[in-house]
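Engineer: Output the structure for:
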Amino acid sequence: MSPWVLTCFAGNRHYLVEAADATLQLGALLRRLPGEPWTALYSIWAHQDPLVLAEALALLAAALCWVWYLATHNCSHVDRMWSILPPIYISILSRRELAVAAAALRAAAAAAHSGSASGLALGSLSGRLLTALATSGADMRLLLACALTAAWGCRLTYNFARKGGYSLRFEDYRWAVVRTLMPRALFEVFNLVFVAAVQHALCLAITLPAFVAATAAHKARQAGGTPEPMGAGGWVGVAAFAVLLLGEVVADEQQWAFQRHKHALIAAGKPRRGDYRRGFRTSGLFRFSRHPAFFCEYSLWWAVYMLCAVGPSHCGLGWAAAGSVGLTVLFHAGSLWITERISVSKYPEYAAYQATTSALVPWLPGKPLPEPRDD
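Structural biologist: Next comes the predicted model:
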């Protein structure tokens, strides 16, 4: 067996053992809840392993979503949390590095203030703070992961909010179709197991690469060293995330503008042509993929894996990619299937679009569809 394979296996096994130990410790603390609720809750909050707190938050979110579903029969409560929780999980997992960076910034700001009676120019102060951040000893992987996923979360939250997603009456239109595919009793089990438990587990799992980076940085600091430099692979992850986030923004903006104009034409009773007549968009990014935002969404979590886990574990593909794998499968086998099923039933020409354009992965542009004919 090659040294690279042995290193990959050993490194991933070490981090997996650390994660399993955190889960066991959480279980022990949860068993103390009935008898010592405040002590157990504080122990979870202040636990030295941040994964304990992240897992506890995921359990709480799953329980809340299920209880809210029982009260409202609305399946979209998890959708309302999807863009909010991952940046929080990554911040929790990165809390040691964030504390190191914050201490360096405070020291630099205090030194700059005391060292100049007349104060510093904004540019000079910013430069000193950036230098302090770069030399703080904090793992840049995790600082960048926090910043990037926060930008992702803010944008996705905004996109969901403008569609009315945070109204408690809102429910994604696909859930109504899913309800028709199984008996009521089976749907209730599906809601508990998949909608509440599995989706929240996946929401946490996509952030586990940050756990790998955080554990590696903590071990390095305990040994008297500093976190391993990012390297080319980490910067590739940063660049890929930025490009994919931009692609998601463009796809959502194109779809938002198209749907608003289409419904405005319908409301005004004006004639519609092209995509506005056939009912779905085939231009812009939608020439290269029928669902470009889906592709960008799961791919950017592979970029997080590349940024946070590949370097510290010295392995191209390890257990911390489970979340990225699961999200990829969910989009290809779940979201794509139900969305396409609905589109085919609503739009007569959608089958022709399916035949000419890639489903998810952007590929060669599909051939333009002919102008819809009058009925």
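Engineer: Which pLDDT value does the model give the closest residue to Gly323 other than its chain neighbours?
Structural biologist: Nearest residue to Gly323, sequence neighbours excluded (CB to CB, 6 or more residues apart in numbering): Ala205, at 3.1 Å. (Each C-beta comes from the backbone N, C-alpha and C, glycine too.) You'll see Ala205 listed with a pLDDT of 97.
Engineer: Likewise for Lys367?
Structural biologist: 87.
Engineer: Please tell me I have it right and it contacts Ala352.
Structural biologist: No. Contact between Lys367 and Ala352 fails when scored by CB atoms under 8 Å: they sit 9.3 Å apart.
Engineer: Strands of the stretch 101-250 of the chain, residue ranges please.
Structural biologist: Assigned by DSSP state E, counting those that start in this stretch, the stretch 101-250 of the chain shows no strands.
Engineer: where along it do the helices fall?
Structural biologist: Assigned by DSSP state H, counting those that start in this stretch, the stretch 101-250 of the chain shows helices spanning 122-134, 140-162, 173-179, 184-190, 199-205, 208-222, 231-268.
Engineer: The longest one - what's its average pLDDT?
Structural biologist: Which is helix 231-268. 96.
Engineer: what angle separates it from helix 140-162?
Structural biologist: Between helix 231-268 and helix 140-162, the angle formed by their directions is 0 degrees, by axes from the mean of the first three to the mean of the last three CA atoms, to 10 degrees.
Engineer: what's the residue closest to the geometric middle of the chain?
Structural biologist: Geometric centre of the chain, nearest residue: Pro86, 5.5 Å, by CA atoms, centre = their mean.
Engineer: Of the helices of the stretch 101-250 of the chain, flag the one that's most buried.
Structural biologist: helix 208-222 (a mean of 24; mean count of other CB atoms under 10 Å).
Engineer: That helix - contacts with which helices or strands?
Structural biologist: helix 3-32, helix 50-72, helix 85-93, helix 95-114, helix 140-162, helix 292-308, helix 310-313, helix 322-329 (3 or more CB pairs under 8 Å, 6 or more residues apart in numbering; DSSP states H and E).
Engineer: quick one, the last one and helix 208-222 angle?
Structural biologist: It refers to helix 322-329. 170 degrees.
Engineer: Give me the distance between the residue nearest to the centre of the chain and Gly366.
Structural biologist: Noted for Pro86: a distance of 32 Å to Gly366, by CB to CB, to the nearest Å.
Engineer: sorry, back to before: now for the helices of the stretch 101-250 of the chain, which one comes closest to Arg278?
Structural biologist: When the helices of the stretch 101-250 of the chain are ranked by proximity to Arg278, the top entry is helix 231-268, at 10.0 Å, counting by CB to CB.
Engineer: relative orientation of the closest one and helix 292-308 in degrees?
Structural biologist: Using the same axes, to 10 degrees: helix 231-268 against helix 292-308 is 160 degrees.
Engineer: helices or strands next to helix 231-268 in the packing?
Structural biologist: helix 140-162, helix 275-278, helix 292-308, helix 310-313.
Engineer: pretty sure Cys347 is touching Arg281, no?
Structural biologist: Careful, residue 347 is Tyr and not Cys. No. The criterion here is CB under 8 Å, and Tyr347 misses it with Arg281 at 10.9 Å.
Engineer: out of these two, which sits in the more crowded spot?
Structural biologist: Arg281 (21 against 14; other CB atoms under 10 Å).
Engineer: Next up, the contacts around the more buried one.
Structural biologist: Shown in contact with Arg281 (CB atoms under 8 Å, 6 or more residues apart in numbering): Gln254, Gln255, Phe258, Asp275.
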